[in-house]
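Participant: sequence-free structure coming up:
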Ligand SMILES: Cc1cc2nc3c(=O)[nH]c(=O)nc-3n(C[C@H](O)[C@H](O)[C@H](O)COP(=O)(O)O)c2cc1C
């Protein structure tokens, strides 16, 4: 099946922390998506989304972010693990949209300083994804001991991540294509 237009799979960098290591993982995943034919991507840094904090939900929808979510066929969320949870501002940004996510695929990249590769933050994000109408895939990427995975200049030191990202993206892209077909061709009763 040849899609009529490229898939759009943006990557959301889910932390605003100064000195965040997750930024390196987010750049790497964005680069790997960008290498694939027929797929467009871009990195969305939540630190650059000036959402107000005196309100929440769709009341503070950011037009540019909402347009990107509407256009997306899948999203990748790169999330560090903070006390086994996600950055509160990631949730604040995600909550600003709803219908834009429905029947779209999502893949999660967990990042941690510890040995579990953000597996606990991934588990905590899964019920949020479901409530937003996103469809999770059964493959994740786990950056454990992230401080050892990249050099100071941000280049990857452990090449095994490329293989893992490849497996993750193959599954995400399959799900993105399948769900696009469903959204466009399968009527909902
Ligand atoms: C508030 C806070 C809580 C954290 N909690 C955890 C944790 O529960 N498990 C873990 O492995 N690392 C934890 N870390 C370390 C981060 O995973 C580490 O900083 C890693 O580099 C990813 O986050 P970053 O993108 O902000 O750098 C925590 C860091 C912060 C700032």
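Facilitator: That came through, no problem. Here the structure is a predicted model, which is why all the values come from computation and not from measurement.
Participant: would you agree residue 49 is in contact with residue 65?
Facilitator: Yes - look at residue 49 against residue 65 with C-beta atoms under 8 Å: they come within range, at 5.7 Å. Every residue, glycine included, has its C-beta placed from N, CA and C.
Participant: overlap of the contact sets of those two?
Facilitator: With contacts defined as C-beta atoms under 8 Å, 6 or more residues apart in numbering, the residues shared by residue 49 and residue 65 are residue 93.
Participant: which of these two has more neighbours?
Facilitator: residue 65 (21 against 16; other C-beta atoms under 10 Å).
Participant: now do the buried residues in the host helix or strand of the more buried one.
Facilitator: Assigned by DSSP states H and E, residue 65 falls within helix 63-71. Going by neighbour count (16 or more other C-beta atoms under 10 Å), the buried part of helix 63-71 is 65, 66, 68, 69.
Participant: helices or strands up against whichever helix or strand comes after that helix?
Facilitator: Sequence-wise, the next helix or strand downstream of helix 63-71 (DSSP H and E) is strand 74-80. Applying 3 or more C-beta pairs under 8 Å, 6 or more residues apart in numbering; DSSP states H and E, one finds that strand 74-80 contacts strand 11-13, helix 22-34, strand 104-111, helix 119-132, helix 160-185.
Participant: need the ones you listed in JSON lines (columns: mean neighbour count and mean pLDDT).
Facilitator: As requested, the helices and strands packed on strand 74-80 are exported to JSON lines (neighbours: other C-beta atoms under 10 Å; pLDDT from 0 to 100):
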{"stretch": "strand 11-13", "mean neighbour count": "26", "mean pLDDT": "99"}
{"stretch": "helix 22-34", "mean neighbour count": "21", "mean pLDDT": "98"}
{"stretch": "strand 104-111", "mean neighbour count": "27", "mean pLDDT": "98"}
{"stretch": "helix 119-132", "mean neighbour count": "17", "mean pLDDT": "98"}
{"stretch": "helix 160-185", "mean neighbour count": "16", "mean pLDDT": "98"}
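Participant: and the ligand, which of those is closest to it?
Facilitator: Closest approach to the ligand among those (C-beta to the nearest ligand atom): helix 22-34, 3.2 Å.
Participant: who in this protein is up against the ligand?
Facilitator: Within the chain, the positions near the ligand by C-beta under 6 Å from any ligand atom are 15, 17, 20-22, 80-84, 111-114, 146.
Participant: just the buried residues out of these, in ChimeraX syntax.
Facilitator: To isolate the buried members of the residues of the chain next to the ligand in ChimeraX, using 16+ other C-beta under 10 Å:
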select :15,20,21,22,80,81,82,111,112,146
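Participant: which two among the buried residues of helix 63-71 are spaced furthest apart?
Facilitator: Spanning the widest gap among these are 66 and 68, at 7.3 Å by C-beta to C-beta.
Participant: list residues touching both of the two?
Facilitator: By C-beta under 8 Å, 6+ apart, no residue touches both residue 66 and residue 68.
Participant: any figure for the gap between the residue lying farthest from the centre of the chain and residue 104?
Facilitator: Here the chain reaches farthest from its C-alpha mean at residue 189, the gap being 29.7 Å by C-alpha atoms, centre = their mean. Using C-beta to C-beta, to the nearest Å, residue 189 is found at 20 Å from residue 104.
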